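In: got a predicted structure here, sequence first:
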Amino acid sequence: VNTYSDIVFVPGYAKGKAPYGRYAVKATVTPRSWAEDTVNDVAAMVVATPAYGKRLTDAVGAQNIAFGRAAGERVTAFGYPATSPQRGEVLLYCAGTSQRAPEGEQRVPCDLGGGASGGPWLAGFDSATGKGTVVSVNSHGAGDGGSPMYGPTLGKTARAVYDAAQRG
């Protein structure tokens, strides 16, 4: 299901600055189970290489991703909350140990607020290198947008989305 169009990804975005350029999203991949039943809240975007620029991974690198990781490890969740005063202009994060949650989800103590959806949960995050392993993504808060933050366990559906995006 393609819900949005005319999307641009801006790595390293902060307060209007685009230090690594802008990358047009040429395709999105979302599981049918999300569109029909609101389960498996994952998606992937495929970006185009600018005509006179570097491929995204050459410009900023890439994170590892793990599928089927159980809750119970320390994660750092990132996002751009739309709440005041940040208004989506500042990357924020929180860290904690993930816990199992109902319906194939995990939760972590975090109060990023609305707008942070899709931000990665990185296990083994190293602040010196900026690297970790994606084990989930921000999905929703506790109904009021607050703590805890919930994210899907990246299982076979997430793997299928990832594989489809890799094929472009």
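Out: Arrived safely, thanks for sending. None of the values given here were measured: they were computed from a predicted structure.
In: report the contact partners of residue 12.
Out: Taking C-beta atoms under 8 Å, 6 or more residues apart in numbering, we find residue 12 in contact with 18-20, 60. All C-beta spots, glycine's among them, are computed from the backbone N, C-alpha and C.
In: buried residues in the helix or strand hosting residue 134, which are they?
Out: Here residue 134, judged by DSSP states H and E, is contained in strand 131-137. For strand 131-137, the neighbour count (16 or more other C-beta atoms under 10 Å) marks 132-137 as buried.
In: tabulate those (TSV), appending pLDDT and distance to residue 99.
Out: As requested, those are exported to TSV (pLDDT from 0 to 100; distance: C-beta to C-beta, whole Å):
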residue	pLDDT	distance to residue 99
132	97	19
133	97	18
134	96	18
135	97	13
136	95	12
137	93	16
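In: and which of the residues you listed is nearest residue 28?
Out: Nearest to residue 28 out of these is residue 137 (C-beta to C-beta; 14.1 Å).
In: so what's the closest one up against?
Out: 41-42, 117-121, 151-152.
In: okay, those residues in a markdown table with distance to residue 11 next?
Out: Shown next, in a markdown table, are those (distance: C-beta to C-beta, whole Å):
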| residue | distance to residue 11 |
| --- | --- |
| 41 | 22 |
| 42 | 20 |
| 117 | 17 |
| 118 | 14 |
| 119 | 13 |
| 120 | 12 |
| 121 | 18 |
| 151 | 21 |
| 152 | 23 |
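In: in helices, which of those residues fall?
Out: Using DSSP state H, no member of the contacts of residue 137 falls in helices.
In: make CSV out of those and add pLDDT, neighbour count and distance to residue 52.
Out: Output for the contacts of residue 137, formatted as CSV (pLDDT from 0 to 100; neighbours: other C-beta atoms under 10 Å; distance: C-beta to C-beta, whole Å):
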residue, pLDDT, neighbour count, distance to residue 52
41, 79, 23, 36
42, 86, 23, 32
117, 84, 19, 32
118, 87, 16, 28
119, 90, 23, 29
120, 95, 22, 28
121, 96, 29, 34
151, 91, 29, 36
152, 92, 23, 37
